[in-house]
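Chemist: one predicted model, sequence on top.
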Amino acid sequence: MARRSRTTRRANLKSSRPPALAAWLFEHLTRREHREALAGDLLEEYLRRRSDTWYWRQVLAAVVADFSTELRVRWVSVVFALVVCGTVPWNQLFHNARFQSFLLSGIQLSWPASFLAGIAIMSAFQGAILVVALGIYVVSTRSLQPRRFLTALCPALLVLAVGNTAVTISEVLPWPRILFYYYVLWRLPLFFGLVLSMAWSAPANAGRTGASRLTT
Amino acid sequence: MSEHTYLGGLELTVMLALLRLGEDSYGVPISKEIERQTGREVALGSVYAALERLQGKGLVSSHLGEPTAARGGKAKKYFRATSQGLREARETRHALMNLWRGVRELQGEPT
């Protein structure tokens, strides 16, 4: 009897809480502007009659909607990141004898050291570009705050490391190399890292207009 | 050149739902009203994104209510159309009616 009531209580408790991972994603990937109100609305509806699937769908839709709003508001950052990624002379770099010997010295190590060394070298190189580009951005937008600058670098460098790992793995996968495959693929980690770091380093009102100010 | 920023797509839908509900309203009833009238479910996140854009244009105003335990201690955000919002909705209706009128392919269809 006691066990049954415990089980029922646990089931009730479980059904009154939305999926933990979805709630975490919602908390971390949506903007502060309307997060509290939207979280309350989602919980209200979830408790009333909805399912976990419904909650997940709503969270993903909220993240996508917020991301597109961010892009619209921060279009200057996106254009700047595109310009930076587009103008880095990757071809000259990859054919540069010094860089190649440096890269080869890492690749010639035994596995998995060679794998890690390749990713580390590419991430370090892109990280250097990112630091310079971010510096130019914060100085030109007059939003230089050393602490924010350093805080912004951490997630950006993580994005570079994860992105370069994904790109390196994708190199050995047997999918077709469509037009501009290499041209686009190797630039993606830097692009996303740069966009993210600019969003983190800019103060709450930089690059925003009117009541559509976003919080990061 | 007109200074009006005609409402389109989801913004217009959300604005009309807000006007239909009359009093101050928040995300859930707005979303339900849209679903009831159009038969399409619109994600709450998309409703809020549209409301934020409308607020940015000065067509909608908002204020926070009291936090309630039923909502996990989260406050409701109430929205209301401003007089400028009402004017823009009228202008949009007028513009759409002008476009609608005289389209032979659509004549005789139920409105």
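Modeler: Great, that's in hand.

Chemist: which SSE is immediately downstream of the least confident helix or strand in chain A by mean pLDDT?
Modeler: Here the helix or strand of chain A ranked lowest by mean pLDDT, DSSP states H and E is helix A:2-15, holding a mean of 52. Remark: after helix A:2-15, the chain's next helix or strand is helix A:20-29, criterion DSSP states H and E.

Chemist: quick one: buried residues of the helix or strand that that following helix is followed by?
Modeler: Once helix A:20-29 ends, the next helix or strand along the chain (criterion: DSSP H and E) is helix A:32-48. Residues of helix A:32-48 classed as buried by neighbour count (16 or more other C-beta atoms under 10 Å in any protein chain shown): A:33-46. For every residue, glycine as well, the C-beta is placed using N, CA and C.

Chemist: what mean pLDDT does helix A:32-48 have?
Modeler: Per-region confidence: helix A:32-48 scores 89 on mean pLDDT.

Chemist: can you check stretch A:189-200 too?
Modeler: 89.

Chemist: export it to PDB, keeping only CA atoms.
Modeler: In PDB, the C-alpha atoms belonging to stretch A:189-200 read as follows (Å, rounded to 0.1, in the frame of the first residue of the first chain):
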ATOM      1  CA  PRO A 189      34.200  26.600 -37.000                       C
ATOM      2  CA  LEU A 190      35.800  30.100 -37.300                       C
ATOM      3  CA  PHE A 191      32.500  31.600 -38.500                       C
ATOM      4  CA  PHE A 192      30.400  30.200 -35.600                       C
ATOM      5  CA  GLY A 193      33.100  30.800 -33.100                       C
ATOM      6  CA  LEU A 194      33.400  34.400 -34.200                       C
ATOM      7  CA  VAL A 195      29.600  35.100 -34.200                       C
ATOM      8  CA  LEU A 196      29.300  33.600 -30.800                       C
ATOM      9  CA  SER A 197      32.300  35.500 -29.300                       C
ATOM     10  CA  MET A 198      30.900  38.800 -30.800                       C
ATOM     11  CA  ALA A 199      27.500  38.100 -29.200                       C
ATOM     12  CA  TRP A 200      29.100  37.400 -25.800                       C
END
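
Chemist: now it, how far from the centre of its chain.
Modeler: Relative to the mean C-alpha coordinate of its chain, stretch A:189-200 is positioned 7 Å out (C-alpha atoms, centre = their mean, to the nearest Å).

Chemist: near chain A, which residues of chain B?
Modeler: Within chain B, the positions near chain A by C-beta under 8 Å from any C-beta of the partner chain are B:26-28, B:43-46, B:48-49, B:51-53, B:55-56, B:58, B:64, B:67-68, B:70-72, B:74-77.

Chemist: so A:L144 sits in a strand?
Modeler: No - A:L144 sits outside any strand when classified using DSSP: H, G, I helix; E, B strand; the rest coil, being coil.

Chemist: tell me, how many residues neighbour it?
Modeler: Using other C-beta atoms under 10 Å in any protein chain shown, A:L144 has 15 other residues around it.

Chemist: which of the buried residues of helix A:32-48 are close to chain B?
Modeler: Filtering these for proximity to chain B by C-beta under 8 Å from any C-beta leaves A:33-34, A:36-45.

Chemist: wait, which of the residues you listed is closest to B:M15?
Modeler: Ranked by distance to B:M15 (C-beta to C-beta), these are led by A:H34 at 16.8 Å.

Chemist: state the helix or strand in which the residue lying closest to that closest one once chain neighbours are set aside lies.
Modeler: Distances taken as C-beta to C-beta, 6 or more residues apart in numbering or on different chains put B:Y48 closest to A:H34, at 4.8 Å, once the chain neighbours are dropped. Assigned by DSSP H and E, B:Y48 belongs to helix B:44-56.

Chemist: ok, now which ones touch residue 67?
Modeler: Just so you know, I chose chain A. A:L29 (C-beta atoms under 8 Å, 6 or more residues apart in numbering or on different chains).

Chemist: wrong one, chain B
Modeler: Contacts of B:P67 by C-beta under 8 Å, 6+ apart are A:40, B:73-75.

Chemist: and if we set it to 10 Å?
Modeler: A:36, A:40, B:73-76 (C-beta atoms under 10 Å, 6 or more residues apart in numbering or on different chains).

Chemist: ok, of those, which one's closest to B:K32?
Modeler: When the contacts of B:P67 are compared against B:K32 (criterion: C-beta to C-beta), the nearest one is B:K76, at 14.2 Å.

Chemist: pretty sure the closest one is in a strand, no?
Modeler: Yes - assessed by three-state DSSP, B:K76 belongs to a strand.

Chemist: could you pull up the contacting residues of it?
Modeler: B:K76 neighbours (C-beta under 10 Å, 6+ apart): A:36-37, A:40-41, A:44, B:24-28, B:63-68.
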